[in-house]
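>>> Below are the sequence and a predicted model; questions follow.
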Amino acid sequence: MSELKAGDTFPEGVTFQYIPYQPDNAEITACGIPINYDASKEFKNKKVVVVSVPGAFTPTCQVSHLTSYVGRAGELKAKDVDQVVFIAYNDAFVMSAWGKANGIKGDFIIFASDAGAKFSSSIGWVMGERTGRYALVVDHGKVVYAAQDTQKGSIEFSGADAVLAKL
């Protein structure tokens, strides 16, 4: 597979792992059980923003990237976004803890593992072994926005402001 661009169909066979939010499992030290998130199937019926970050709890990802989406969640919903899916090379347990540490509840924003950066590698958007910093908007199976940030610490193209400008 090659780099995704606007107009492409989201590829088949893309699966991430995540731990769904559950009120009885909301403590950061509660592990939960990872399940598969069939992105190819889910994205056919939703308008989804995929936000890839190099790692949970890392400086830009935590301070700028995640907060841009949390702070603009209402605006994203107003633009008919059904879900924001944060992915990183971290495992599903770390991604779940990142969501819990930031008080994220429900399933509008989920935190999933792109284990081994498999998907990110398939589109060529990685940072060494880690997932790259990028955003995709997939509207009912069609990619309508795809951009990556290549400058360290930048969310110019993958932050919520950039995505909202394209919705």
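That came through, no problem.

>>> So which residues of the chain form helices?
Residue ranges of the helices in the chain, as given by DSSP state H, are 39-42, 59-60, 67-71, 73-78, 92-101, 118-122, 160-166.

>>> Wait, Gln83 touches Phe108, no?
Yes: the pair Gln83 / Phe108 is scored as a contact, 6.1 Å apart, by CB atoms under 8 Å. (C-beta placed from N, C-alpha, C; glycine too.)

>>> Looking at these two, which is more packed in?
Gln83 (19 against 16; other CB atoms under 10 Å).

>>> who's the more buried one bridged to?
Note on Gln83: beta-bridge partners Val48, judged by DSSP bridges.

>>> May I have the residues that are in contact with it?
Contact analysis of Gln83 by CB atoms under 8 Å, 6 or more residues apart in numbering lists Glu42, Lys46, Val48, Val49, Asp107, Phe108, Ile109, Ile110.

>>> what's the spacing between the nearest residue to the first one once chain neighbours are set aside and Phe57?
Closest residue to Glu42 apart from its sequence neighbours, by CB to CB, 6 or more residues apart in numbering: Val48 at 7.1 Å. When CB to CB, to the nearest Å is the yardstick, Val48 and Phe57 sit 23 Å from each other.

>>> Next: Ser120.
From Ser120 across to Phe57, the span is 18 Å (CB to CB).

>>> same question, Met127
Computed as CB to CB, the Met127 to Phe57 distance reads 16 Å.

>>> One more: Val126?
Counting by CB to CB - Val126 and Phe57 are separated by 19 Å.
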